[in-house]
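Chemist: What follows is a predicted protein model with its sequence.
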Amino acid sequence: MSEPRPLTIDELKRHPLPPPSHEDKYAHGQLLLVAGSRQTPGSAVIAATAAQRSGCGKITIATSAEVAPQIALQSPEARVLWLAEGRRGGLAKSALGELDDHVELADCVVAGPGIAKGPQCRDLAARLLAAKPQTLVLDAAILLELAPLAATCREVRPILLPHDKEMAALIGCDEAEAEREPLRCGRECASHYGALVLVKGPLSRIVSPDDRTWEYAGYQPGLGVAGSGDVLAGVLGGLAARGADPLTALLWAVWLHGEAGTALAKKIGPIGYLAREISAEIPALLDRAQPSLE
């Protein structure tokens with residue numbers, strides 16, 4: 001097995017982002033974000049903001065009707081779909097068909113930030129996988145229910161963003177093992193699901209199904225805060241919607257998220273900044289990094 005490549009600006013030169021377009025919002029990509037619940041409506045707002053800061057042109061947030069008004073007020077630039085809520089607090093199975101047309105229009109679909117845990121997540125994942133979006137990112141509670149859908153995942157090749165508990169559910173190990181052997185578990189997960197996998201932790205690892213790996217070592221302690229993962233998912237979705245291929249979008253999202261933490265550590269301190277403050281650093285980082293790739 002090959003050794004992981006350091007994820008640096010020099011490595012990103014090998015994976016340039018699409019240049020910004022001078023055309024309208026549709027040319028900057030359309031993102032469908034399935035996110036938020038009564039317990040964590042803010043996750044949808046945080047992820048949508050991060051996607052916007054990454055240059056995404058149009059965002060549609062699909063969420064529970066119970067929290068849709070609050071999310072709409074906090075995300076005035078986004079379109080918000082009000083979907084019926086099931087008895088377990090997630091999206092009702094009967095409402096999932098309403099996503100189909102939006103999946104077809106989207107350049108990228110991100111599903112999971114802040115959604116309610118439970119078996120209803122399997123219905124949502126199955127529906128999205130069956131629709132075969134151009135790029136599909138699965139995160140958070142969805143990953144706890146994804147194991148029965150591994151064969152379908154291998155056909156679609158999604159991007160998975162697990163932490164230790166979610167990794168354990170994905171590959172059927174215990175959480176301690178996932179924490180102890182993150183790279184091995186990431187490789188097993190990528191192979192089993194045919195997916196790009198981000199293994200989250202103080203040392204972030206990106207693993208592709210063909211066993212190529214990268215490591216980002218610039219993680220800041222302040223990024224270990226609620227909502228930080230929602231920012232990462234939003235940045236990833238925004239870049240993919242703009243036209244970056246899945247690997248390029250993931251590499252850049254990890255780097256931008258980490259470098260934003262570094263910028264905030266210098267401005268505010270090593271800890272104590274808020275997840276919703278991370279996104280504001282993204283445009284300047286993109287502006288600084290992309291000219292060096294010309």
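Modeler: Structure's in. What do you need?
Chemist: CA only for contacts and neighbour counts going forward, please
Modeler: Fine.
Chemist: What's the first helix or strand after the longest strand seen in the chain?
Modeler: Counting residues, the longest strand found in the chain (DSSP state E) is strand 58-64. Later in the chain than strand 58-64, the nearest helix or strand by DSSP states H and E is helix 68-74.
Chemist: Would you mind identifying the next helix or strand past that next one?
Modeler: Sequence order places strand 79-83 as the next helix or strand after helix 68-74, per DSSP H and E.
Chemist: Could you list every helix and strand in contact with that following strand?
Modeler: On a contact count with 3 or more Cα pairs under 8 Å, 6 or more residues apart in numbering; DSSP states H and E, strand 79-83 meets strand 58-64, helix 68-74.
Chemist: Please, where are all the helices along the protein?
Modeler: 9-12, 42-53, 68-74, 100-105, 120-131, 150-156, 164-171, 175-180, 182-193, 228-241, 246-267, 275-278, 282-289 (DSSP state H).
Chemist: Quickly compare those helices and say which is most buried.
Modeler: helix 228-241 (a mean of 30; mean count of other Cα atoms under 10 Å).
Chemist: before we move on, back to that, out of the helices of the chain, nearest to residue 216?
Modeler: Smallest distance to residue 216 across the helices of the chain (Cα to Cα): 7.0 Å, for helix 246-267.
Chemist: helices and strands of this protein: which one has the lowest mean pLDDT?
Modeler: helix 282-289 (a mean of 93; mean pLDDT, DSSP states H and E).
Chemist: Report how many residues lie close to residue 2.
Modeler: 7 (other Cα atoms under 10 Å).
Chemist: what's the nearest residue to it if we skip its chain neighbours?
Modeler: The shortest distance from residue 2 to any non-neighbouring residue, by Cα to Cα, 6 or more residues apart in numbering, is to residue 212 (7.0 Å).
Chemist: Next up, the contacts around the residue nearest to the spatial centre of the chain.
Modeler: The residue lying closest to the centre of the chain (Cα atoms, centre = their mean) is residue 233, at 2.3 Å. By Cα atoms under 8 Å, 6 or more residues apart in numbering, the contact list for residue 233 reads 47, 110, 113, 137, 139, 161.
Chemist: Give me the below-cutoff pLDDT ranges for the protein.
Modeler: For the chain, the stretches flagged by pLDDT under 70 are 1, 22, 24-26, 291-294.
Chemist: rewinding a little: can you redo the helices of the chain as JSON lines with distance to residue 222?
Modeler: Listed next are the helices of the chain as JSON lines, based on distance: least, Cα to Cα, whole Å:
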{"stretch": "helix 9-12", "distance to residue 222": "22"}
{"stretch": "helix 42-53", "distance to residue 222": "16"}
{"stretch": "helix 68-74", "distance to residue 222": "24"}
{"stretch": "helix 100-105", "distance to residue 222": "34"}
{"stretch": "helix 120-131", "distance to residue 222": "30"}
{"stretch": "helix 150-156", "distance to residue 222": "33"}
{"stretch": "helix 164-171", "distance to residue 222": "19"}
{"stretch": "helix 175-180", "distance to residue 222": "20"}
{"stretch": "helix 182-193", "distance to residue 222": "21"}
{"stretch": "helix 228-241", "distance to residue 222": "9"}
{"stretch": "helix 246-267", "distance to residue 222": "7"}
{"stretch": "helix 275-278", "distance to residue 222": "9"}
{"stretch": "helix 282-289", "distance to residue 222": "16"}
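Chemist: between the ones you listed, which gets nearest to residue 207?
Modeler: Closest among these, using Cα to Cα: helix 182-193, at 6.2 Å.
Chemist: Quick check, residue 18 in contact with residue 241.
Modeler: No - between residue 18 and residue 241 there is no contact under Cα atoms under 8 Å: 10.5 Å.
Chemist: Now do residue 133 against residue 74, distance only.
Modeler: Using Cα to Cα, to the nearest Å, we find residue 133 at a distance of 27 Å from residue 74.
Chemist: And residue 218, by the same measure?
Modeler: For residue 218 relative to residue 74 (Cα to Cα), the value is 31 Å.
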